[in-house]
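Colleague: Predicted model and sequence below, questions to follow.
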Amino acid sequence: MMAGAPLFLILLPLIPAIISFSLPERLAVWRNAVNLLFALVKVGIVADLLRQVRGGVDLEWRYTFLPGHDFLLRVDTLALLFVSLSVFLWLITTVYAIAYFGRGPNLSRFFGFFNLCVLSATGVALSGTAITFFLFYELLTLATWPLVVHNGDEKSLRAGRIYLAYTLAGSAAFLVGILWLKTLVGSVEFTAPPDLSAVPPLTLTLIFVLCVGGLGVKAALVPLHAWLPAAMAAPAPVSALLHAVAVVKAGAFGIVRMIYDVYGIGTVAELGLGTPLAALASVTILYGSLRAVMQADIKKRLAYSTVSQVSYILLGASLIGPFAVIGGLVHLVHQGIMKITLFMCAGALSNRLGIKAVADLDGAGRLMPVTMGAFTIGALGMIGVPPVAGFISKWYLGIGGLQSGAPWVVAVMAGSSLLNAAYFLPMLYRAWLLPPPERAGFRELGTSRDRMLILPAVVTAAAALAAGVFASSAVSPLTWAKLIAERGYLE
Amino acid sequence: MSLPAALGHLFPLTGAALVGLGLFGFIILRHPLRQLLAVNVIAAGIFLILGGLGRGEDVTDPYPQALVITGIVVSVALTALGAAMITRLAEDRCAPAPTPEPPGDRDA
Amino acid sequence: MTAAFELILCLMILGTACVALLVRDFLAAIAFFVVFGNLMGLAWLALGAVNVALAEIAIGAGVTGVLLILTRGRLLALGEQIDGNPLGHWLNLGAAVVCSAFAVVLGAAVLSIAPDDGLAPVIDRLMPRIGVENPVTGVLLAFRAYDTLLESFVLLGALVAVWSLAPADAWPRAPAALRMTDPAALNVAESFGRLVLPIALVVAAYLVWVGSDRPGGAFQGGTVLAGGFLLAAMGGAMGLPRSDDPAFRWTLVAGPLVFLAIGLAGMALGRFLAYPEGMAKALIVTIEYFLAFSIGVTLALLVAGPPVRAETVP
Amino acid sequence: MTADLAPLLPLVVAWPLVLALFCLVPPWGARMIALLPLAPVPALCAALLAPRDQLARIPGVLLGGGLVLDDTRAVFLGGAALLWICAGAFAVGFMAAARRPASFALFWNVVLAGNLGVFIAADIASFYVSFALVSLMAYPLVIHDGTPASLRAGTAYIILAVIGETALLAGFMLASYGAGGSLWIEDIRASLGLPGANAAILWLMILGFGIKAGLMPLHVWLPVAHPAAPVPASAVLSGAIVKAGIFGLLAFLPLGVSVPVEGTVLALLGFGGLFAGALLGLAQPGGKAVLAYSTVSQMGLVMGALGAALAAGLPGAKVLPAVAFYALAHGLAKGALFLSYGLAPACGRGWRPALLAVALLLALSIAGLPFTAGALAKSAMKLPAGEFGAMLIGISALTSALVLARFLALLPAARPGAGGPPLLLALPVVALAGAALILPVVLYPAVTGKPPFTTTTPGDLLAATWPLALAGLLVIGALALGLRPPALPEGDLLSPIWRSAAAARAAFVVAVEAGSASMQASSEQSGTAWADNLAKVEVMIRDRVSVIIFLLVVMGALLATFLG
Amino acid sequence: MSPLDLLVAAPLAFMVAALVLGQGGRWLILAAGPVMLGLSAWLLALPPDAAHLVGNWDLPLGILLRADGVARLLVPATCVCFVAVALYAWPEFSPKAGRETARAHTFWPMLYLMWGGSNAGYLTTDLFNLYVTIEMVSLAAVALAAMGSLAAGLQYFMIALVGSLAYLLGVALLAGHYDTVDATLLAVRARPDLPTVLALAVMTAGLLVKAALFPLHGWLPPAHAAAPAPASALLSAIVVKLGFVIILRLWFEAFAEVVRPAAIHLLGGMGALAVIYGSIQAIRQERLKPLVAYSTVAQLGYLFLAFPLIWNARIPGEPWAAVLVHAVAHMLAKAAMFLAAGLMLKAVAGDRISDLGGLARAMPLSVTAFALAAISLMGLPPSGGFTAKFLLLHAAIEQGQVIYAGVLVIGGLLGAAYLFRPLSVAFGASAAPVVRAEGALRVAAPLTLAALAIALGFAGMTLIELSSIGAPPAIALPLAEEPGP
């Protein structure tokens, strides 16, 4: 494949985006078909790239957009981890969104921005320099905002405001950080960490704080997380997308890049930045879970759960050890598929049964057993119940913490598991064990639209299960994470 | 500075004084028409500086003269515009009945 | 002796300016302003700048004076209070301090510049190439013809801007008539206007004609013409044109248009606004005539103001 | 014989899971109950036939671990399989008309897979996964009836189970790291015995496994959960599933190295539970609850002995067979008792004596009546338990007997009429009781290397009998006097804990809400004053005179900067 | 033949034509558009050192026209803006019911006058000539502003008049002092003595009034907010830029040797304050057009904030380019925003931000144009605004100018705060049913402008190269030392 492949991959969603924007609502069928088609094509391309990159091919596309600032796209193993997660989940979410909305208003707009989000997320993944990363990172903010406010009610508008306030401030801090660093060392490419020895440690620390703080907003690090629960006003496919894949992961992914590719683990360790970050991530993990316990709204609860779960990735990245990295990276994928399952189920519940609060869940399992089954698998995975995938992440993170001389990580893992159980199990309890209110003649899978609504969650739930059960197989996320760690970070 | 040398500067200095005077007038006068008059005084002062500085031993530099003529014409044009605006504003204030034209062309 | 005259002249200029600005009664202010303008004209004469003096007296004192009087009349008719109501005197004092400080600094700057004849030698050297004698006309219509061209458009633009103020239902009527309301005055003005208009035309033509060699020129001629038009209009000798009258519009744009066309024609031969060797004077005079006429009409209409509704004749 | 049977081990786990998958297919789910007895069959085969000490790797699954079987594991596996088969068979009859049979069959199979997996896992990942399955998936079995009581019980169960899981996960992480990243249980056990091993690991494991096995202060879930489940589920819960905890301790505790502190604590808690469990059981109003307390008591015995052995540094070879043997004996007998409890209402009045006889026999066996399987088991346990422990075990016969007597007293009334119980219910009970009474005797030589009942001297006999006799006297005395034990709620400490937790939670929520409300209120006030000031500034700036003044000021400032 | 003259002459010719044609004047844009765009393209294609003397009269007397980087960036952008605004204004300034109106008649000559004036301003190096062009533009601007609110127009007029005179005073001093008012000659002759610095101070102050730099911006918000949408677009996009460009030329070309660091920081500081103050005022607005007008106040601040960054830069070419790109991007984006706002407000028949509910659905293209323009104004990628802010931020950080860097960042955030507010409402539900009022042609104008503002973000290198053409020595020299990567 040509060197332009990364660019092609990024720009591909522009086509469905433009088509979606321009098609009127009454041609929804065509729009849906185009979206599905391109989602599939993209999965195919990524699969091919995966094959090539595993074989050692290194693709790069470079363009000087301002003097001294290159627009660089690179396909490496880490990028592909994120890319494949996003394209896979995008396909799923596309199916889900089509079924979820049916024939609602403003859908052309929705799918247009939806595709722009794919574009940005892919760009974030494939960025080869911190500045390129920033470009897509910002674009992602812009593309997701219309999705957050999609419902157009006061609540979602407020959510949109909060979302922007946080993320734009975050990316501004990030921009300052990388520009500062660039003026000091001349390059912020992700290939090999530059020589930072000439820079005063205090400056480096400050830059690190700026960058990680900026990225941490999207990654919903406490205390920068408040936008995420607010953004729950968005429709379910958006929540699924934002929380599982695009936005929060972009932040986490960026922090991983910062630690490993911009600073390099040596420098981070020298400066002693890993431990504070890990501590912050741990605080986030526990705090997020604690807040989740207190939420009465399902999506809010899931949102706080995301706050907590995404910090696993950061914890893994900041611990700086082979196992921790693997744990963090694999959680990038695992959290994605598990959380998207949960959100899609929550969306299906609210869409079909009008269930929004935890208290409404009574008997949902009897009415929608398949949905709740998928939800249960996702929830168990979040708790870390084996053999669902979450367990694998926790395992590697725990061992990684020990390897890095931070045994308290084990306690964090344990505490988080307990808290996760504390907020997920009551939901399962209600759904499965309490009697449902009377609903005459409700059928879960009555129409093909229902099936389309529920199938994606089943697929991702199965994927979450498979990722755990077959963790050491050749195609598992774990294996890929190990490959990344071997190629990049364990020399 | 000796008196004769200062006399060479007489008109420009008068111009400077006029500028100061005009500014003062502009600041203390509230009615726009009177401020317009003050502006004319400022302009006259400036022209005097411009022209006065081109005063040579025997001839006066025609270059600043040309600039001054240009300036005077621009100045009167603007004064006329200002006066027209002031009048129209007063008319509107007096008889606000038919607004000149609605802002935005709602009937287009 | 000259020095004493100049000193007194300057003091008078400052004095009339002071009064024009500070006197409570606006009519008095205008009167002093007209005096001020004439004194300025004297000052220009003292400086040896006859061209400027003509322009200053015609425009600065004449046209502006008429304009101010007319405007005052209209405002008074509308019940507007124009007479001075200065600010509280502490503020006045502050403003005075600031402004005099500024004037002092400006004066200091002026003092450190040695007055000289500057570019006069350069211009003298170039004058033969355009065939006219009056260096000011040379500067205005040759060396810096570009400025003048743009300026003629400023003038035109100012008129259009004034028109744009017309009330919606007034377009495209004529501006408010300048006819005097007092029958006696009208009578005088009428006969005076009848008399003045032809004279003004002749004087203007003369000024333009001599302008190429001696003091005078398009602007001066134009203002004289404007004055004639205004007097004629006041006396009712001529009405003001409707703004959609095509001939009238052509009159307005003729000067700038000819100027522009000749400039563009020069471009075809070499440079924009370059006059071919030998034809310079003819072209300049052509431009000046058209320009003077347009300027006269434009200035007159500028003074007259925007079109008005039929019923609101002051 | 060896090579071709290697796939048996993966099949042990896989087969129930496959059956579980079938349960998910809506039309088949309800009928899968009928296949429950077949689910553990591969396990039984494997226990009997599979090659010992041969690692069966399972590439690609989990973290790439494997399964293994040795003699101890085989005993656990075989015993559990037997119990599950019988309980499954019982369930076929018992659950036929129950609600949601598909769900029951599904979780039955899943729990079964986990339970069996625990016994044959060679690496901690597999072990942990199996353990989690057996712990957490048993929850649906516990609450299967859906009554408020069982739901409450289930909640207690799941909370403690999750805590236990978490503790185990933490312990395993530490342990694996301590063993240099190895995942093999053998390596970990070896590393735990090394001097530098992290003390927290053992504590976490004792906590995790202790919860599962009902170690005394952590036992609160057990007496509520086991009775709440349907009878067959109770049987496997009490008979097989608690053994997963015991097996975990066996598999990981570094026997052979003296670990005094942890060992002593474990011993104290275990032996404490031995008596306290039994005594609390006496105060229970429900038959199954009594049995559950009996299980707490019996498991206390095992853990006490293990603790003692750990403290004393007894080598594994001396401990493992005894414990396995005891577990087998107890599991079968306790399972049979539970099933008999379920059988009782199905029996006509005429069959009741027979049932009582079987139950009495089983009870006596558990209590350790000489010449019963239970006695053999207890005697086997005396070696690892040490002298003091052995004495306690001897005395415990008294409490055991009392509590089981209480159980017999609470056996449900027979249904009217003389009709026999359905064969499908009776047969498993009989089979299991038979196995419980006979199998340990048969296996005794294999485990201890001694023939059964050979060393019994009159003195021993007396020592073993007097507590039972005393118990008999007490029971008869109590019956004669009409004494009734005090009635305690199930799960003794559970309800106070419950209430205080609820109160704390409510207080926390209130505090947080009040805090956030006051923060919000304070931030909204200062805004308007600012807006007013800004509006004033703007009005001032818009005035044209002030623009001119500003112009002069800027000019002056510029001039100053140029000149200064 | 040279586009340097034609770019000025052509609009003036069109002005005359429009005046003569009266109500047919609006058709002229069909000719003027292609002609002016073609001339702009020609300008871009000129050789780097393209310059000539009008009428061949030599300096110091004559007037030099020059196609430097500033002109090459701003003139084409200006032309694009004018064409778009004119097409948009077409229906609005047409005869009503067959009757010619004053506004429909005078709008078009004013437009061409402003067009010619601003082109002339960008191309000339003569300071007095600049005075005339300023007056051309101001005159037209006042007339356009007065079409919305006479009071605001008068206010604008008076303030602009004093500003012009301040500038003229400076020119007078320079003419007397150096006998020339040509910037290129002054660059050689200027000495830091009292008349020179006084001249520079008064000229700068006067131009700052025209460029509406805080705290001299008081006239801008009422005038820009009240004018009809096309007029607002021209006022905010074109008019204020001329003052800025002249200051830029004065400070970095004519008087580069005179300027002191303290002075440059004074300007930078005022720019920084403008960014903050304008943004905060914009945030406070309840009505849409004042919001956009205050946004102009804020955005103009960036232009001046850049001065110290250019001054201190290791590679001044980059911030120099940045400030020009910002001017261009703001021009396009702000014009687009006013035009889009005009369409939106017309559709809802109100002027409050809260009236915009549901417009994203009813008028997607207008809202898109508004949003794209907003992106550029906020400095979010990819857009011209981003390129500019990025380069400025880079320069600020490189020089360790923490305050300027901070203002750049905070300004962007505040920009988001006020610009997303109307967008947010537009994406919300509508209280009242909305009349769909997007004519394809009308909405094409803001959309094209906004798209161009975005597209600038992809042409960073080209813009930098363009901006370096004929850059003053103070800017160009260090660039030569360090060739680009």
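Modeller: Cool, got the structure.
Colleague: Check which helix or strand the residue in the stretch 151-300 of chain D that chain B sits nearest to maps to.
Modeller: Residue of the stretch 151-300 of chain D nearest chain B, by C-beta to the nearest C-beta: D:Val162 (65.6 Å). All C-beta spots, glycine's among them, are computed from the backbone N, C-alpha and C. Here D:Val162, judged by DSSP states H and E, is contained in helix D:148-178.
Colleague: wait, does that helix contact chain A?
Modeller: Yes - counting by C-beta under 8 Å from any C-beta of the partner chain, chain A has neighbours in helix D:148-178: D:151, D:154-155, D:158-159, D:162-163, D:165-167, D:169-170, D:172-174, D:176-177.
Colleague: Just the mean pLDDT for that helix, thanks.
Modeller: The pLDDT scores in helix D:148-178 average 84.
Colleague: Show me how far it is from its chain's centre.
Modeller: 9 Å (C-alpha atoms, centre = their mean, to the nearest Å).
Colleague: Tell me how many other residues crowd the residue of the stretch 151-300 of chain D closest to chain B.
Modeller: For D:Val162, the neighbour count with other C-beta atoms under 10 Å in any protein chain shown is 25.
Colleague: now swap in A:Glu25 and tell me
Modeller: Residues contacting A:Glu25 under the criterion other C-beta under 10 Å number 14.
Colleague: I figured it was touching A:Leu107, is that so?
Modeller: Yes - using C-beta atoms under 8 Å, A:Glu25 makes contact with A:Leu107 at a distance of 6.2 Å.
Colleague: Show the subsequent helix or strand relative to the helix or strand bottoming out on mean pLDDT in chain C.
Modeller: For chain C, using mean pLDDT, DSSP states H and E, the weakest element among its helices and strands is helix C:183-211, scoring a mean of 75. As assigned by DSSP H and E, the chain's next helix or strand after helix C:183-211 is helix C:218-234.
Colleague: Any residue of that following helix touching chain B?
Modeller: Yes - interface with chain B: helix C:218-234 contributes C:Phe219 (C-beta under 8 Å from any C-beta).
Colleague: Packing partners of the helix holding D:Val162?
Modeller: Contacts defined by 3 or more C-beta pairs under 8 Å, 6 or more residues apart in numbering or on different chains; DSSP states H and E place helix D:148-178 against helix A:390-403, helix A:408-433, helix D:124-136, helix D:138-142, helix D:185-193, helix D:199-213, helix D:221-228.
Colleague: Flag the shaky bits of the chain, pLDDT-wise.
Modeller: Just so you know, I chose chain A. A:1-3, A:243-244, A:439-441, A:445, A:488-491 (pLDDT under 70).
Colleague: Please refer instead to chain D.
Modeller: In chain D (pLDDT under 70), the answer is D:1-6, D:414-419, D:453-456, D:484-493, D:520-528.
Colleague: Spell out which residues of it are next to chain A.
Modeller: Those residues of chain D that sit near chain A, judged by C-beta under 8 Å from any C-beta, are D:59-64, D:125, D:128-129, D:132-133, D:136, D:140, D:143, D:146, D:151, D:154-155, D:158-159, D:162-163, D:165-167, D:169-170, D:172-174, D:176-177, D:181, D:198, D:508-509, D:512.
Colleague: near chain C at all, stretch E:35-50?
Modeller: No - Stretch E:35-50 does not reach chain C (C-beta under 8 Å from any C-beta); its nearest approach is 12.9 Å.
Colleague: who are the neighbours in contact with the residue of chain D found nearest chain C?
Modeller: Among all residues of chain D, D:Leu552 sits closest to chain C, at 5.7 Å; criterion: C-beta to the nearest C-beta. Residues near D:Leu552 by C-beta atoms under 8 Å, 6 or more residues apart in numbering or on different chains: B:Leu23, C:Val98, C:Cys99, C:Phe102, E:Ala205.
Colleague: wait, what's in contact with the fourth one?
Modeller: Going back to what we said before, that points to C:Phe102. Residues near C:Phe102 by C-beta under 8 Å, 6+ apart: B:Val19, B:Gly20, B:Leu23, D:Leu552, D:Met555, D:Gly556.
Colleague: redo that, cut-off 6 Å
Modeller: Shown in contact with C:Phe102 (C-beta atoms under 6 Å, 6 or more residues apart in numbering or on different chains): B:Gly20.
Colleague: Now for it, which secondary structure element holds it?
Modeller: The secondary structure element spanning C:Phe102 is helix C:89-111 (assigned by DSSP H and E).
Colleague: Contacts only, for the residue in chain C sticking out farthest from the centre.
Modeller: For chain C, the residue at maximal distance from the C-alpha centroid (C-alpha atoms, centre = their mean) is C:Trp90, at 37.1 Å. For C:Trp90, the contact set (C-beta under 6 Å, 6+ apart) is empty.
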